[in-house]
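In: here is the input, now give the coordinates:
(2 chains)
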Amino acid sequence: MNVERPRGRILVQFIPELTGLARRGLAGWAVLMGGTIVAILGIMTIVSPWISPYNPIAINVGPILSPPSLRFPLGTNHLGQDMLSRVYSGGGIMFQVAILSMIVCLLVGVPIGLFASFAGGHADKLASLVMDSIYAFPGLVLAIAIAAMLGPGVVNMALSIAVVYVPSYFRMIRSQVLTIKELPYVEAARMMGAKQRTALFKYVLPNVVPSIVAVATINFADAILTSAGLTFVGLGLPVSTPDWGWDLTYGRRLLTSGAWWVIAFPGLMVVLLALGFTLIGEGLSELYNPRLQK
Amino acid sequence: MSLRSYIIARILLTIPMILLLLTFVFLIIRVLPGDPASLHFEKQVDPKLLQEFKHQLGLDKPIIIQYLDYLAGLLKGDFGKSMQDYSPVSQQIFSAFPATLELAISATLIMIIVGVLLGVQASRSYNSSKDHSIRIFGIASYATPVFFLGEVLIMIFAIYLHLLPAGDRIYASMSPTGLTIGDFHLRTGLYTIDSILEGNPSKLVMSLRYLCLPSITLGTVLCGIFIRLTRGNMLETLQSEFVTAARARGLKERTVVYGYALRNAFLPILTMMGLQFAALLAGAVLTETTFSWPGLGRYLVDRITFRDYTAIQGVVVFFGLLVAMVSLTVDIIYAYLDPRIRF
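Out: Next comes the predicted model:
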């Protein structure tokens, strides 16, 4: 049987999918809202070199710690840097770290989860034990230990965050596979002589994908907060990179001067970004797994 | 399974987990690229000095011996020697721990009270604008970096309104002495409890004032999950027959909700408290740094600046053991309260 799939029309199918989301109640709206926030912040970060009024890392472009004014709509910091330009471009590091760590989690967590739980037996027990011990640990503390050893850098930050979140991918996939592999259609496929590999990749995996997407978006929000946390404890990137996390970290020392604008705007950006991904993740898991939300 | 055999089985299950964790931390510090001793000095250092330094800390032994030393030390409560001044890390950990404990307890109280009350409110006005705003608050609190909230609260309550101190605890010289009867001294290191034991109300007020902002910050950031949990459970329970029966008997709505329905949501909340403990500790690290709260988290962050890897290892291991112990305790309490899960 060979059914022709409408390949070139993904974009066209996507539009009713979006309007359909809005009709699926609160969860649909959450996905739409979150998606919009993330898209706006993402585009803002990408086009920041062209829309920034000043160079975000140039010092003394204005007076030191000037409150929001017409010339500097979001004020300036202690180095006389323009906060608006820093807000525009400060998300780059977080996006990079979160995306990289998500890729690592997908490459490590998904295969381990799939194979261990599909095979069952000792492999499953061992993998579960290792993953559960990491999962039980305070994530940030573990990431701090790893990042302290690896040293600063986007890749190192992403790796230390990935170690913390691989277990959530593993657990989610494992619980899904354990249910799905017992379903009659998978059993039927096996009885009809399907190879293990076929059963796993053709019949089990496609049904796990929605959960993977949901867990990846929720963890994306966590990864953003963790990367901000790493920066805050002094394991972030050098000063020369504009970063919301760095502004928040240094802003702590400027609190007594009353310069609220130095922390308020970068902070709101981090909240919005994490909120956007949380909304997408929550919405998706409610749409795909209504049982879990009970 | 009897409660006793359940407890034994549960403890036996914890041991391999702890061992794995200890090994994992050891591998992170010793095996990841760059050995801790050279990393500590960052730049060039006289090889002779480095050798001496390694020898002092036992870092020149073969890795297997180091590993066994490390495990044997931990059994005796020895967390190794600090790279900074060769003093035992365990001493520093134990002196910083009460501050973290005090923060963790008060933050837990706030997190539970705020989370449960808002969750109940949301479930009582299901699908109204109140329900929606509480849910949005829950999700937003989850998405807020704890140090950002802390900075905002410091800005408002300490800098602009001058209502509360911006950070730190009472000066060490002024700290409450605890209970003293003759030669008997009892001092917990939790300043609120020590002030009560000392019978000094002004110190109690002062301790609470210092505790206020950090615990509100940490409690608020973590309350979201309890809002959701309580709301979900209450929505279900409020539909159940015993609630209808209680209403039919003419009990006040308040009694029905808080006396009857909420009681059923207690067990899941207890479980969630155990699960959230790790998040609480992680949040405490950042909260302590924000408020210069002299606990374990600030100690850890200070050690990062000094590149004191043995101390970092010690704190991380201590946090791990703490989490394992709390989750064990919660499981045992749970098994005691709800015999069904033992089977």
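
In: neighbours around A:A58, how many?
Out: For A:A58, the tally of surrounding residues (other CB atoms under 10 Å in any protein chain shown) stands at 12. Quick note: C-beta positions are derived from backbone N, CA and C, even for glycine.

In: quick check: it touching A:Q81?
Out: Yes: judged on CB atoms under 8 Å, A:A58 makes contact with A:Q81 at a distance of 6.8 Å.

In: what do the two both touch?
Out: When CB atoms under 8 Å, 6 or more residues apart in numbering or on different chains defines a contact, no residue borders A:A58 and A:Q81 alike.

In: buried ones in stretch B:224-241?
Out: Residues B:224-235, B:237-238 are the ones in stretch B:224-241 that count as buried (16 or more other CB atoms under 10 Å in any protein chain shown).

In: by contact count, what packs against the helix or strand bottoming out on mean pLDDT in chain B?
Out: Lowest on mean pLDDT, DSSP states H and E among the helices and strands of chain B sits helix B:36-41, with a mean of 75. Helices and strands touching helix B:36-41, by 3 or more CB pairs under 8 Å, 6 or more residues apart in numbering or on different chains; DSSP states H and E, are helix B:47-57, helix B:309-337.

In: can you lay out these as CSV showing distance to chain A?
Out: Output for those, formatted as CSV (distance: least, CB to the nearest CB, whole Å):
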stretch, distance to chain A
helix B:47-57, 16
helix B:309-337, 5
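
In: point out the most buried one among those helices.
Out: Stretch with highest mean neighbour count among the helices and strands packed on helix B:36-41: helix B:309-337 (a mean of 20; mean count of other CB atoms under 10 Å in any protein chain shown).

In: now do it against helix B:47-57, angle only.
Out: Orientation check (axes from the mean of the first three to the mean of the last three CA atoms, to 10 degrees): helix B:309-337 against helix B:47-57 gives 30 degrees.

In: coming back round to it: can you give me the buried ones in the least confident helix or strand of chain B?
Out: By 16+ other CB under 10 Å, the buried positions in helix B:36-41 come out as B:P36, B:A37, B:S38, B:L39, B:H40.

In: any idea what sits nearest A:T256, other than its immediate chain neighbours?
Out: In this structure, A:T256 finds its nearest non-sequential neighbour in B:I159, 6.4 Å apart by CB to CB, 6 or more residues apart in numbering or on different chains.

In: mind checking the SS state of that neighbour?
Out: What DSSP: H, G, I helix; E, B strand; the rest coil gives for B:I159 is helix.

In: any idea of the mean pLDDT for stretch A:192-202?
Out: Stretch A:192-202 comes out with an average pLDDT of 84.

In: for stretch B:146-162, same thing?
Out: Rounded mean pLDDT across stretch B:146-162 is 93.

In: ends of it, how far apart?
Out: One end of stretch B:146-162 to the other measures 21 Å (CA to CA, to the nearest Å).

In: contacts for it?
Out: A:228-229, A:232, A:248-249, A:251-252, A:255-256, A:258, A:260, A:263-264, A:267, A:270-271, B:163-167, B:213-214, B:216-218, B:220-221, B:283, B:286-287, B:289-291.

In: next, format the helices and strands packed on helix B:36-41 as TSV and append mean pLDDT.
Out: What follows is the helices and strands packed on helix B:36-41, written out as TSV (pLDDT from 0 to 100):
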stretch	mean pLDDT
helix B:47-57	80
helix B:309-337	88
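
In: name the nearest residue to the residue nearest the centre of chain A, sequence neighbours excluded.
Out: Centroid check for chain A by CA atoms, centre = their mean gives A:F220 as the closest residue, at 1.3 Å. Excluding the flanking residues, the one nearest A:F220 by CB to CB, 6+ apart is A:F277, at 4.5 Å.

In: quick check: most distant residue from the centroid of chain A.
Out: A:M192 (40.2 Å).

In: related to what we said a few turns ago, now for the residue nearest to the centre of chain A: which residues touch it?
Out: With contact set as CB under 8 Å, 6+ apart, A:F220 has these partners: A:A98, A:M102, A:F277, A:G281.

In: please identify the helix or strand for the third one.
Out: The one in question is A:F277. Using DSSP states H and E, A:F277 maps to helix A:260-288.

In: buried residues in that helix?
Out: Neighbour counts over helix A:260-288 (16+ other CB under 10 Å) mark A:260-288 as buried.

In: run the chain-centre distance for stretch A:153-162.
Out: Mean C-alpha position of stretch A:153-162 versus that of the full chain (CA atoms, centre = their mean, to the nearest Å) differs by 13 Å.

In: if you average the pLDDT over it, what comes out?
Out: Here the average pLDDT along stretch A:153-162 is 92.

In: could you do stretch A:76-87 as well?
Out: Averaged across stretch A:76-87, pLDDT comes to 89.

In: who's in contact with that stretch?
Out: By CB under 8 Å, 6+ apart, stretch A:76-87 touches A:48, A:52-66, A:72-75, A:242, A:244, A:247, A:250-251, A:254, A:259, A:261-262, A:265-266, A:269.
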